[in-house]
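Novice: Pasting the sequence and the predicted coordinates here, then a few questions.
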Amino acid sequence: MSFTGKATYDAGASLPELVDDVSDLVGLISPFDTPLLDAIGSPRFSAKSTRHEWFEDQLNPNFDAVNHGAGYSDSDTSIVVDDGSVFRVGDLVKPDAGEEIMQVTGISTNTLTVTRGYGGSTAAALVDDQKLTVIGHAALEGEDAASANYRARSRKENYSQIFTETVTISGSMDAVGLHAVEREFDYQVIQRLRELMRSLEQTVICGYKAASSPEGSASVRRTMGGLLQFITTVDDASAATLTEDILNASLRNVWDMGGRPTAIVCNGFQKRKISSFIQSSRRYEPESAALRNVVDVYESDFGVQRVVLSRWVPADKILLLDLDKLQVMPLQGRSFFVKPLAESGDFRKAQLIGEYTLEILNGGDGGHGVITNLATS
């Protein structure tokens, strides 16, 4: 006789069922974890408006680049750069390659007049896009104060997005207790809340605010921008498999821009690649019954990064985040709550509502990074 799953012989076919035997647990396979939201933590304050704004500032840059397709010889003293406002007369400047030091003696818009091989250093040819770093300014004794040089703070914005689900339970269903579920209404509320939290984390990562009318209207839904929209320091891996060299190069790019990543956030595929970094140096300990092949914290030359495994990061991407510069905040008084709705019949109905936005400081100034277009197979 074939396996029927019944506890009594031929039960349910020719014999009546004696009793339903149902487990006191409900299996839940749909993932609802929100590791990135957990890592970011609770916001320091709530948003006061559906349009949330913040200011960003940065120090004056201390480097620029040569802007001349043919480059310059080691004797040229007139050099065109991308932005002449970076420099002042009296600056000592070091090209990215070589040992030469130059001194700026004059500035006309984006053209620098310089002394080559300053202080006996060895002059060398310059190429287009070569980095020029200001290593220090030399002021004249007794000279007047130089003109003030500062950058205007920039205003950034994001918009709040409404997340909502509905629960409807009949009066009969709400009155009875089922196996593993004491109150069906409460169970459904918990399930829908899990879905909303999942949706919030996905939006924090992949959400986009509208290019036009982002404030929304009665007919236009308001959406918030996510990390992938705000972060502009992006390294294209060109479909290469993730290696430690690729990861460190991206961490260095963020560090060079002034950022200090504290978290590496990735999907399961890239997490296994990161954990494989230690494979060549792994040692077997005979007295141990556990085999460990996992990297949860990555200590690099550019800081210590916690490795956060999130299902919701696209498989070909890795986020390099400074968690101290992130907040996921509710609109004031609009964190997730249950709102009972009017009943017009024999049922119970409620709406789950929450309205949130993302604040990401220095997303466009190198405070965070993304590695994209990684191999996924």
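Specialist: It's in.

Novice: what pLDDT, on average, does the helix or strand containing residue 201 get?
Specialist: Using DSSP states H and E, residue 201 falls within helix 184-206. Rounded to a whole number, the mean pLDDT of helix 184-206 is 91.

Novice: Show me what the very next helix or strand once past that helix packs onto, helices and strands only.
Specialist: Next along the chain after helix 184-206, taking DSSP H and E as the criterion, comes helix 227-230. The contact analysis (3 or more C-beta pairs under 8 Å, 6 or more residues apart in numbering; DSSP states H and E) places helix 227-230 against helix 184-206, strand 347-360. The C-beta positions use only the backbone N, C-alpha and C, and glycine is treated the same way.

Novice: What is the least confident helix or strand in this structure?
Specialist: Averaged element by element with mean pLDDT, DSSP states H and E, the chain has its least confident helix or strand at helix 171-175 (a mean of 83).

Novice: what about residue 140, how many residues close to it?
Specialist: Around residue 140 there are 8 other residues, counting by other C-beta atoms under 10 Å.

Novice: need the contact list for it.
Specialist: Contacts for residue 140 (C-beta atoms under 8 Å, 6 or more residues apart in numbering) come out as residue 90.

Novice: three-state assignment of it?
Specialist: coil (DSSP: H, G, I helix; E, B strand; the rest coil).

Novice: Could you report the pLDDT at it?
Specialist: 90.

Novice: what about stretch 112-132, how long is it end to end?
Specialist: 12 Å (C-alpha to C-alpha, to the nearest Å).

Novice: Mind listing residues that contact that stretch?
Specialist: Contact with stretch 112-132 is made by 63-81, 84, 87, 92-107, as judged by C-beta under 8 Å, 6+ apart.

Novice: Please identify the buried residues of it?
Specialist: 112, 114, 116, 117, 118, 123, 124, 126, 127, 130, 132 (16 or more other C-beta atoms under 10 Å).

Novice: Then stretch 52-71?
Specialist: Those would be 52, 56, 63, 64, 65, 66, 67, 68, for stretch 52-71 by 16+ other C-beta under 10 Å.

Novice: quick one, phi/psi of the residue lying closest to the second one once chain neighbours are set aside?
Specialist: Spelled out, that is residue 56. Excluding the flanking residues, the one nearest residue 56 by C-beta to C-beta, 6 or more residues apart in numbering is residue 154, at 5.1 Å. Torsion angles at residue 154 (phi, psi; degrees, to the nearest 10) stand at phi -100, psi 140.

Novice: Could you check how far residue 154 is from residue 363?
Specialist: From residue 154 across to residue 363, the span is 11 Å (C-beta to C-beta, to the nearest Å).

Novice: more neighbours, these two?
Specialist: Set side by side, residue 154 and residue 363 show more neighbours around residue 363, with 25 against 12, by other C-beta under 10 Å.

Novice: That one in helix, strand or coil?
Specialist: Assignment for residue 363 (three-state DSSP): coil.

Novice: quick one, what contacts it?
Specialist: Residue 363 neighbours (C-beta under 8 Å, 6+ apart): 156, 227, 230, 231, 232.

Novice: Let me see the mean pLDDT of stretch 57-71.
Specialist: The average of the pLDDT scores along stretch 57-71 is 90.

Novice: ok, which pair from the contacts of residue 363 is furthest apart?
Specialist: 156 and 227 (13.6 Å; C-beta to C-beta).

Novice: Of these two, give the one with the bigger neighbour count.
Specialist: It is residue 227, of residue 156 and residue 227, that has more neighbours when counted by other C-beta under 10 Å, with 23 against 19.
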